[in-house]
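Based on what follows, work out the 3D shape:
(2 chains)
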Amino acid sequence: AQSVTQLGSHVSVSEGALVLLRCNYSSSVPPYLFWYVQYPNQGLQLLLKYTSAATLVKGINGFEAEFKKSETSFHLTKPSAHMSDAAEYFCAVSDAFGSGKLIFGQGTTLQVKP
Amino acid sequence: DAGITQSPRHKVTETGTPVTLRCHQTENHRYMYWYRQDPGHGLRLIHYSYGVKDTDKGEVSDGYSVSRSKTEDFLLTLESATSSQTSVYFCAIRVDREPYNEQFFGPGTRLTVL
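Residues are numbered from 1 along each chain as shown, chains lettered A, B, ... in the order given. Coordinates of the predicted model:
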């Protein structure tokens, strides 16, 4: 069975500071990994995805994530936080083959302070 | 924009009444999914479909049924709504662009069961 754990339900950073959102996964098969962002009262938007190509994945809005198989991690980072980054972030895992259904972490709310 | 609409966008209903939520896509993708979002749980899969009349259960399917009589429409039905089904419901479609299987989400339906 697959699972995802996001460490920290709330993360607060100052504008301009490094953003680090943690995600650890469990999967018995080669995984696809995703980060989604949800702004208030909106749907989910795909930030970036890992699909067994490069382990360092770059996404939209300056975010990137590194797949580390030995640590079963897929942490999301951004060098310099912007006020507009304040949102809820979800890490998700799916099978590389099959139904493609996503297993989500519980989410991390990012607060950016001026 | 992956051409996904959900209706209604908001609904308030009473315990014991039937409710049907509709997801409509404009691009004829084979896979469609229904998730529910609750605080502290992220998103959890209710049911999914891999073609017309082909559906399967997700992790939280009790109390829900689905139907897909046309490629473009995927309906979620709560036969007898309960307060525990108060949630935000998201429909998603899977875009099969090898080697990816990205999911794109609709805007969501906020359901309140009194």
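
name the helices or strands packed onto the helix or strand hosting A:F67?
Using DSSP states H and E, A:F67 sits in strand A:64-68. Contacts defined by 3 or more C-beta pairs under 8 Å, 6 or more residues apart in numbering or on different chains; DSSP states H and E place strand A:64-68 against strand A:31-38, strand A:44-50, strand A:56-58, strand A:73-78. (Each C-beta comes from the backbone N, C-alpha and C, glycine too.)

Contacts for the first one, please.
Strand A:31-38 has contacts (C-beta atoms under 8 Å, 6 or more residues apart in numbering or on different chains) with A:2, A:21, A:23, A:25, A:44-52, A:59, A:61, A:63, A:65, A:67, A:74, A:76, A:87-96, A:102, A:107, B:100-103, B:105.

okay, now B:D56: neighbour count?
For B:D56, the neighbour count with other C-beta atoms under 10 Å in any protein chain shown is 13.

show me where pLDDT drops low in chain B?
For chain B, the stretches with pLDDT under 70 are B:1-2, B:97-100.

Get me the contact residues on it for chain A.
Neighbours of chain A within chain B, by C-beta under 8 Å from any C-beta of the partner chain: B:31, B:33, B:35, B:40-45, B:48, B:50, B:56, B:58, B:90, B:92, B:94, B:99-108.

isn't B:P8 right up against B:T109?
Yes: judged on C-beta atoms under 8 Å, B:P8 makes contact with B:T109 at a distance of 6.2 Å.

Looking at the two, which has the bigger crowd around it?
B:T109 (23 against 12).

what pairs with whichever residue of chain B sits closest to chain A across the strands?
Across chain B, no residue is closer to chain A than B:G42, which sits at 3.6 Å (C-beta to the nearest C-beta). Legend: beta-bridge partners of B:G42 under DSSP bridges are B:D38.

What residues does it make contact with?
A:4, A:6, A:90, A:104-107.

again, 6 Å this time
A:90, A:104-107 (C-beta atoms under 6 Å, 6 or more residues apart in numbering or on different chains).

Please apply the same query to A:I60.
Contacts of A:I60 (C-beta under 6 Å, 6+ apart): A:L47.

which one of the helices and strands packed on strand A:64-68 has the most crowded surroundings?
strand A:31-38 (a mean of 23; mean count of other C-beta atoms under 10 Å in any protein chain shown).
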